[in-house]
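Participant: need the 3D shape of this:
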Amino acid sequence: MRLAEYLDRVVLFLKNYLEKVNAQTYVLGLSGGVDSSLCAVLAKKAVGKDKLLGVIMPIDSHPSDMEDALKLVKSEDINYIVYDGTTLFNEFKKSAEKAGVTLNRVAESNLKARLRMTILYAISAVKNGLVIGTDNADERYTGYFTKHGDGACDILPIAHLLKCEVVEGAKMFGISNEIAERVPTAGLYEGQTDEKEMGVTYHELDNYLSGKMVSEGTKARIEHLHRISRHKLEPTPMPEPFERDE
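Facilitator: Next comes the predicted model:
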C-alpha cells in the first residue's frame, strides 16, 4: 500500500472514531516536531478546524520548540492555546524538595511528560474531547515514551508509521522542511535529543523494523530497548482472580 493511501485511511479512521464515541473534539499537544505536526494535519483534515484544539505546552523548554509549534498552527490554520506549565513544574520540584525528595534528570523528564498529559486531559474533559497520541512505530517498539506521560492517550494515528514515513507524510501534506527535518527532541532538557537518549538513530531503527540489515551492535541495542520497555505496552500486572467461596 502506498503511504498516501494509508494516510487517507488514517484520516477516515480519525473521523469515524470521534463520531463513534460521540466526542466533540480532538485535543493534541504540539511540540513543534514532525510527529505532532503530522497528527495535527491529519486530524484537521478528518474533522475540520472547529473540532481540533492544539495545545502548546512549554515547560522549561527551549524557545525554538514553541516557535516551531506556533509556525505550524499559523501555517495550517489550527485552533490552539498556549499553556505554560513551567511554574507548575518548578512548584512541584520545590514541594518535592520540602518533602525530602530531590528529583534527578530522569524523574524531571518524566514529570514534564506527565504534567503535559495531565494538562491535555484536563482540557479534554472540559471540551468533551479525546487526546491524540503522537508516538510512532519506532518509539513504540523501543519504548521511547513516558509511561502515563506521552504514552497516555485515547487514539494513536501514526502508531504504525516508521519515522521516515512520518517525515515523508509530513512533506506530502505540505508541512515545512524546517519542521519535517527538525532534529527529534522531546524538549526535556538542554541539548536533549531522541537519538542520543536511545543510543540508536531513527534511520537504524527504520532499517531494523523494515527488515533491512543493521550492525550487530545496533541490533543488540534495539532489542535491549524493546525487551526492557515491554511493560509500557502491556496491561497492568495483576494476580490471578480471586475465587470467592460460595
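Participant: for the rest of this, base every contact and every neighbour count on C-alpha atoms.
Facilitator: Noted.
Participant: okay, and the residue most central in space within the chain sits in which element?
Facilitator: Nearest to the mean C-alpha position of the chain, by Cα atoms, centre = their mean, lies Thr134 at 3.4 Å. Element membership for Thr134, per DSSP states H and E: none, as it lies in no helix or strand.
Participant: what's the burial count for Asp60?
Facilitator: For Asp60, the neighbour count with other Cα atoms under 10 Å is 17.
Participant: not counting its neighbours along the chain, what's nearest it?
Facilitator: The shortest distance from Asp60 to any non-neighbouring residue, by Cα to Cα, 6 or more residues apart in numbering, is to Thr86 (5.2 Å).
Participant: follow-up on the earlier one: touching, the residue nearest to the centre of the chain and Asp154? I think so.
Facilitator: No. With contact defined as Cα atoms under 8 Å, Thr134 does not reach Asp154; the gap is 10.6 Å.
Participant: list the buried residues in the top helix by length along the chain.
Facilitator: The single longest helix within the chain, with elements called by DSSP state H, is helix 105-127. By 16 or more other Cα atoms under 10 Å, the buried positions in helix 105-127 come out as 108-121, 123-124, 127.
Participant: wait, what's in contact with the residue nearest to Tyr121 when sequence neighbours are not counted?
Facilitator: Once flanking residues are discounted, Tyr121 sits nearest to Val131: 6.8 Å by Cα to Cα, 6+ apart. Applying Cα atoms under 8 Å, 6 or more residues apart in numbering, we find Val131 in contact with 26-28, 120-121, 124, 153-155.
Participant: make sure Ser229 is actually in contact with Gly143.
Facilitator: Yes. Applying Cα under 8 Å, one finds Ser229 in contact with Gly143, separated by 5.0 Å.
Participant: more neighbours, those two?
Facilitator: Taking neighbours as other Cα under 10 Å, Ser229 and Gly143 compare with Gly143 leading, 22 against 17.
Participant: do you know the pLDDT at that one?
Facilitator: With respect to pLDDT, Gly143 scores 96.
Participant: from Ile222, how far out is it?
Facilitator: Using Cα to Cα, to the nearest Å, Gly143 is found at 10 Å from Ile222.
Participant: helices along this protein, start to end?
Facilitator: So, for the chain - with DSSP H - the helices run 3-20, 34-47, 63-76, 86-98, 105-127, 137-142, 163-172, 177-180, 194-198, 202-209, 216-228.
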